[in-house]
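K.L.:
Just to be clear, the model below is a prediction. Sequence and coordinates:
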Amino acid sequence: MITGRALELASAVTPETTQQAVGYPTLFTLVALGSLVPVVPTGALVSSAAVVAFHQTAWFSLLLAFGVSALAAFLGDVALYWLGQRGVRSKNGSRLLATLRGRATPDHLDQARRKLDQHGVIVLVLSRLVPAGRIPVMLTCLLGGMPLRTFVRGDIPACLAWAGAYGLIGILGGSLFDEPWKGVAAAVALTLLISGAPAVWRRVRRERVAAGGG
């Protein structure tokens with residue numbers, strides 16, 4: 001009886017269920033880490049997870065990938081903001097706050113400050129959708145003394161919108177190809193292109209201004 005029951009359980013463990021058991025915790029860890037330490041391309045991770053979920057048979061796979069990504073991003077953001085608040089209150093500052101300052105140019109900070117003054121918390125939602133927009137807005141909120149509770153209220157819809165946007169990119173990549181790896185490659189390429197486009201555009205503008213000034 002025990003042997004028969006063990007065989008039934010073993011047969012129920014499919015490659016898809018194993019992939020889910022390993023993949024979702026990994027997705028959560030990497031997205032949370034990427035939100036806390038802004039060096040991991042979290043958008044590409046979410047798009048890749050959406051591609052894989054799109055090709056799975058379980059109807060809830062895409063919803064689970066969306067929920068895990070949004071929750072991980074939110075927790076990473078809140079942890080980073082909380083640590084940043086401690087750095088702001090500290091007399092000697094903190095290495096984390098200095099790192100955040102190094103990732104946000106004065107122009108970005110001024111722009112984020114103006115938008116926060118004009119539109120309030122809604123800017124947090126937009127900042128997660130705009131490549132390289134999250135850190136300047138978060139830093140502006142920190143330096144402006146925005147309470148953690150207020151930041152959390154704005155960050156919830158921001159993370160939901162962010163996970164949904166990059167999830168749609170993954171669904172698009174998954175729908176174009178029958179093999180998941182091809183969809184993952186397409187989604188990652190599109191995500192990196194979107195993420196890198198603003199930096200390229202700013203560089204082209206600086207070169208044009210420099211050439212016109214010369």
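P.N.:
That came in fine, so what should we check first? Numbering: from 1, shown residues only.
K.L.:
quick one: buried residues of whichever strand or helix holds Gly76?
P.N.:
Using DSSP states H and E, Gly76 sits in helix 61-89. By neighbour count with 16 or more other CB atoms under 10 Å, helix 61-89 contains the buried residues 61-62, 64-66, 68-78, 80-81, 84-85, 87. Using the backbone N, CA and C atoms, a C-beta is placed for each residue, glycine as well.
K.L.:
Now that helix: average pLDDT?
P.N.:
Averaged over helix 61-89, pLDDT sits at 90.
K.L.:
Now do whichever helix or strand Cys159 is part of: which elements does it pack against?
P.N.:
Assigning secondary structure by DSSP H and E places Cys159 in helix 148-176. Where contact means 3 or more CB pairs under 8 Å, 6 or more residues apart in numbering; DSSP states H and E, helix 148-176 is packed against helix 42-54, helix 61-89, helix 122-129, helix 180-213.
K.L.:
what does the model give Ala132 for pLDDT?
P.N.:
76.
K.L.:
What does it show for phi and psi?
P.N.:
With angles defined as degrees, to the nearest 10, Ala132 sits at phi 60, psi 20.
K.L.:
how much space between it and Gln111?
P.N.:
With distances taken as CB to CB, to the nearest Å, Ala132 is found 12 Å from Gln111.
K.L.:
Could you pull up the mean pLDDT of the helix holding Cys159?
P.N.:
Computed over helix 148-176, the average pLDDT equals 89.
K.L.:
In it, which residues are buried?
P.N.:
Under 16+ other CB under 10 Å, the buried positions of helix 148-176 are 151, 154-156, 158-160, 162-163, 166-167, 169-174.
K.L.:
Determine the angle, from 0 to 180 degrees, between that helix and helix 122-129.
P.N.:
40 degrees (axes from the mean of the first three to the mean of the last three CA atoms, to 10 degrees).
K.L.:
Between helix 148-176 and the helix holding Gly76, find me the angle.
P.N.:
Using the same axes, to 10 degrees: helix 61-89 against helix 148-176 is 150 degrees.
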